[in-house]
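Asker: my questions concern the predicted model and sequence given below.
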Amino acid sequence: EDKVVQSPLSLVVHEGDTVTLNCSYEVTNFRSLLWYKQEKKAPTFLFMLTSSGIEKKSGRLSSILDKKELFSILNITATQTGDSAIYLCALGSSNTGKLIFGQGTTLQVKP
Amino acid sequence: DGGITQSPKYLFRKEGQNVTLSCEQNLNHDAMYWYRQDPGQGLRLIYYSQIVNDFQKGDIAEGYSVSREKKESFPLTVTSAQKNPTAFYLCASSIGSYTDTQYFGPGTRLTVL
């Protein structure tokens, strides 16, 4: 059965800290891995990863995929209070036309 | 302005009542999805539709029903058979069913009184 597990489930840091969020998965036929940020309402798309070892970067956020060890990480450097949100990892399988979501990591950044 | 709209934002229902949540998109996307979000459980797929007049059950379809009569609309009915309907409901769409990037609406928070 395809599965996505995120860790930690929650995290509290102070502004300026660097955080690493983890997403491990099991899938029969991998197609993609996606990261979303949810700040209260609609999740917003951050990254889609399909190839191992290629870092995707957007400002202070970056993500990388390891298809051999079956995980991805999302890094946030120099965190700000505006980074406080739930970060969702989702898996796309070639077998189905749907995404499988992990439980999410709730990040709180304190001033 | 292209996007996905959901209404209402908040909905209160008495036990035993059916309610319908609206989802509309003007992105010209073929595929649409309904998710339920409970604390600590991420998003769980209720139903999805790859094309007009066709839809499939997701992982937790019991107690829910949908229709897809128009490309831009995918309403979800929460029936009285759903045992624990209080949750946050999110609608999403993607260009095609095998295009993974899904775009989400703002959600509807349903509370059963």
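Answerer: Structure's in. What do you need? Numbers count the residues shown, from 1 in each chain, chains lettered A, B, ... in the order given.
Asker: is whichever helix or strand B:Arg44 is part of positioned near chain A?
Answerer: Applying DSSP states H and E as the criterion places B:Arg44 in strand B:43-51. Yes. Against chain A, strand B:43-51 shows contacts by CB under 8 Å from any CB of the partner chain at B:Leu43, B:Arg44, B:Leu45, B:Tyr48, B:Gln50. Any C-beta I mention is one placed from the backbone N, CA and C, and that applies to glycine too.
Asker: burial of B:Gly40, as a residue count?
Answerer: 10 (other CB atoms under 10 Å in any protein chain shown).
Asker: assumed A:Gly82 was part of a strand.
Answerer: No. Secondary structure of A:Gly82 (DSSP: H, G, I helix; E, B strand; the rest coil): helix, not part of a strand.
Asker: now do the strand holding B:Arg44: everything it contacts.
Answerer: A:43, A:88, A:90, A:97-99, A:101, B:30-38, B:55-61, B:64, B:66, B:68, B:74, B:76, B:89-90, B:96-97 (CB atoms under 8 Å, 6 or more residues apart in numbering or on different chains).
Asker: pull out the buried members of the residues you listed.
Answerer: By neighbour count, with 16 or more other CB atoms under 10 Å in any protein chain shown, the contacts of strand B:43-51 hold A:43, A:88, A:90, A:97-99, A:101, B:30-37, B:55, B:58, B:61, B:64, B:66, B:68, B:74, B:76, B:89-90, B:97 as buried.
Asker: so which of those belong to strands?
Answerer: Within those, residues falling in strands by DSSP state E are A:88, A:90, A:99, A:101, B:31-37, B:55, B:64, B:66, B:76, B:89-90.
Asker: picking that back up, so what strands line up beside the strand holding B:Arg44?
Answerer: When sheet partners are counted by DSSP bridges, strand B:43-51 sits next to strand B:31-37 (antiparallel), strand B:54-57 (antiparallel).
Asker: make JSON lines out of those strands and add mean pLDDT.
Answerer: Formatted as JSON lines, the strands paired with strand B:43-51 follow (pLDDT from 0 to 100):
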{"stretch": "strand B:31-37", "mean pLDDT": "96"}
{"stretch": "strand B:54-57", "mean pLDDT": "94"}
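Asker: for those, give me CSV that also has distance to B:Gly16.
Answerer: Formatted as CSV, those follow (distance: least, CB to CB, whole Å):
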stretch, distance to B:Gly16
strand B:31-37, 20
strand B:54-57, 23
